[in-house]
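>>> any chance you can model this:
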Amino acid sequence: MRARDSSVNTVRRSSPAYRTGGFWLALALLLTLAPRLSYADLTTARQAMEDQANPLMLMTTSQGSIYVELLANEAPDNVARFIELAEGQVEFFDEVANATFTPRYYDGMRFHRVLPDFVIQGGSPSYHPLGAPEPMLADEINAIALGLDRLPVLNEDGSINPMLNVGNQEEFAQRVLEPLYRELGVEIVSELDSAEDDIVTNLRGLTVMRLYEYEGYAYRSDLQTRGISRGTVALANDGPNRNGPEFFIALRNADWLNGRHTVIGRVVEGMDIADRIGGMAIDPTAFNPQSSVIYSIRRLN
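Next comes the predicted model:
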């Protein structure tokens, strides 16, 4: 049974508690005093990599170390941005200070959203004093490689494909019918009767890929894409082509997220640490001092 909250959207807060003048001083103190916990093994991490030429990142957290192999060939633009943010190569202008900064973006941030047995999520610009980098990046997803072009929205028995993770009729109307109506040009209720045959015909032939395209997702055929499974590192978003710094690590297979999130990497060592971080639910709408801290993310090769 999937968790009711089983999406991975970006988190917005109106007044982040971290946006204070003492943030950088507090962060420097935190990094100075942080214990150098490392339960994962670098040698094992390198051995587990699919391609030694891929970037290998060390994510040091308050719970231990997580090693991530970034998949540069599968999402080149988003992987490059992730590395640039981690290494302090992206400029941010602070209007209050009237100055430009190039921070190591993830240092001192927290896993602000945790759903046990689903995801741990970090890097929200709403929790960073400098906000989000601009511009947002486009999705890098190959829906055909994921098989979404062969998955029907409705099964032969008329049931909804579980891939969509639709829990009730209201969600079905919002997720499936409304995009279909827009595509068919049905704008008012009175037009439903005259368009009924077209609606039924299109619904029976509708694939998951086509439905997502109705929602605004655009796919690429020149990239290889893998599904979201346990250990996958992917980008959270609030819609198509809205990729920023916020990322998540999947704690379980989550095929219903396929085609909606750009995959940038995979954990090659330290999933026990990710599981430990994911052991306690964290509400993203309220600061929780018990949430796990990302001390740093650094490239090792």
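>>> distance of residue 283 relative to residue 164?
Distance, residue 283 to residue 164, by Cβ to Cβ, to the nearest Å: 26 Å. From N, CA and C alone the C-beta is placed, and that goes for glycine too.
>>> these two: which is more packed in?
More neighbours surround residue 164 than the other of residue 283 and residue 164, with 18 against 11 (other Cβ atoms under 10 Å).
>>> can you show me the helices along the stretch 151-300 of the chain?
Counting by DSSP state H, counting those that start in this stretch, the stretch 151-300 of the chain has helices at residues 169-172, 178-184, 196-205, 208-215, 271-277.
>>> same list, the ones you listed, but as CSV with distance to residue 50, mean pLDDT and mean neighbour count please.
Shown next, in CSV, are the helices of the stretch 151-300 of the chain (distance: least, Cβ to Cβ, whole Å; pLDDT from 0 to 100; neighbours: other Cβ atoms under 10 Å):
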stretch, distance to residue 50, mean pLDDT, mean neighbour count
helix 169-172, 36, 91, 12
helix 178-184, 35, 88, 16
helix 196-205, 36, 83, 12
helix 208-215, 26, 96, 19
helix 271-277, 16, 98, 20
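>>> could these go into JSON lines alongside distance to residue 127?
Shown next, in JSON lines, are those (distance: least, Cβ to Cβ, whole Å):
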{"stretch": "helix 169-172", "distance to residue 127": "29"}
{"stretch": "helix 178-184", "distance to residue 127": "31"}
{"stretch": "helix 196-205", "distance to residue 127": "41"}
{"stretch": "helix 208-215", "distance to residue 127": "27"}
{"stretch": "helix 271-277", "distance to residue 127": "16"}
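>>> so which of the ones you listed comes closest to residue 233?
helix 271-277 (9.7 Å; Cβ to Cβ).
>>> list of residues touching the closest one?
Outside helix 271-277, the residues that touch it by Cβ atoms under 8 Å, 6 or more residues apart in numbering are 39-40, 61, 63-66, 111, 114, 120, 230-231, 249, 251, 267, 292.
>>> least confident pick among those residues?
pLDDT across these is lowest for residue 39, at 50.
>>> any idea how far residue 72 lies from residue 250?
20 Å.
>>> those two: which is more packed in?
residue 250 (25 against 18).
>>> all helices of the stretch 1-150 of the chain, in order?
Using DSSP H, counting those that start in this stretch, helices in the stretch 1-150 of the chain cover 23-33, 42-48, 76-87.
>>> run the chain-centre distance for the longest one.
The gap between the average C-alpha position of helix 76-87 and the chain average comes to 14 Å, counting by Cα atoms, centre = their mean, to the nearest Å.
>>> so for that helix, what's the average pLDDT?
Here helix 76-87 scores 99 as its mean pLDDT.
>>> quick one: buried residues of it?
Neighbour counts over helix 76-87 (16 or more other Cβ atoms under 10 Å) mark 78-83, 85-87 as buried.
>>> also stretch 128-148?
So for stretch 128-148, counting by 16+ other Cβ under 10 Å, buried means 128-133, 137, 139-143, 145-148.
>>> now for those residues: which two are most distant?
Maximum distance among the buried residues of stretch 128-148 (Cβ to Cβ): 41.8 Å, for 129 and 147.
>>> OK, contacts around the residue lying closest to residue 242 once chain neighbours are set aside?
Leaving aside its sequence neighbours, residue 242 sits nearest to residue 136 (Cβ to Cβ, 6 or more residues apart in numbering; 5.0 Å). Contacts were defined as Cβ under 8 Å, 6+ apart; by that measure residue 136 touches 241-244.
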